[in-house]
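Peer 1: Attaching a predicted model along with its sequence, questions to come.
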Amino acid sequence: MDDALTKRADRLLADAKRAGLTLAVAESCTGGLLCQVLSDAEGASAQFAGGFVTYTKAQKTAALGVPASLLKEKTAVCPEVARAMADGALRMSAASVTAAITGVAGPEPDEDDNPVGMVCLAVARRGNPTRDFKFNYGNRGRDAIRRQAVLDALDALIDAVTAVSAAA
């Protein structure tokens, strides 16, 4: 596994443990890479509840409750869908903090003409507003886009967990 991903995942799980929080994720374009990174990290069995890989619009609706009307109106790659995915993961799991990733890793734009490299993330915590982030990584290849999306998701989760622990 990539050293930068491993170090961030280890830090996230240690921070979550200190804060008494558990994590879950919902992924689309990263296809389970965030789950893999977290499940490989030290402390995963205590802090990581698991995840959802919802690659299609239909699965986003079935597994996470993302409204089909939202997907039709806004497409699958937008901040609103990322927030709905993170909120759905929170609703459908016992985790206290969740992250969601939706985007286009390529090699071609998606069926709604969202460009390769467009990725939206969201982080949700029980009792708090869900935060979203939008990135355009450019067309630098599937693996590079997926890796960067996971790094950014880990950073957003670290921020959410440390902000929670600082407020506690």
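Peer 2: Nice, I can see it. Numbering: from 1, shown residues only.
Peer 1: okay, now D112: neighbour count?
Peer 2: Here the count is done by other CB atoms under 10 Å, and D112 has 14 residues near it. For glycine as for every other residue, the C-beta is placed from the backbone atoms N, C-alpha and C.
Peer 1: List phi and psi for the closest residue to it other than its chain neighbours.
Peer 2: Here the nearest residue to D112 in space, its sequence neighbours aside, is T75; by CB to CB, 6 or more residues apart in numbering that works out to 4.0 Å. When read as degrees, to the nearest 10, the backbone of T75 gives phi 80, psi 170.
Peer 1: mind checking the SS state of the residue nearest in space to the middle of the chain?
Peer 2: A centroid search over the chain (CA atoms, centre = their mean) returns A100, at 2.6 Å, as the residue closest to the centre. Secondary structure assignment for A100 (DSSP: H, G, I helix; E, B strand; the rest coil): strand.
Peer 1: Could I get the full set of helices for the protein?
Peer 2: Along the chain, counting by DSSP state H, helices occupy 3-19, 33-40, 44-47, 57-64, 68-74, 79-91, 142-167.
Peer 1: what comes into contact with the shortest one?
Peer 2: Under the contact criterion CB atoms under 8 Å, 6 or more residues apart in numbering, helix 44-47 has outside partners L13, A16, K17, L21, T22, L23, L38.
Peer 1: can the residues you listed go into TSV with extra columns for distance to A89?
Peer 2: Written out in TSV, the entries for the contacts of helix 44-47 read as follows (distance: CB to CB, whole Å):
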residue	distance to A89
L13	17
A16	15
K17	20
L21	14
T22	12
L23	10
L38	13
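Peer 1: Now a PyMOL select for only the buried ones of these.
Peer 2: Those of the contacts of helix 44-47 that meet the burial criterion (16 or more other CB atoms under 10 Å) are gathered into one PyMOL selection, given here:
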select buried, resi 13+16+17+21+22+23+38
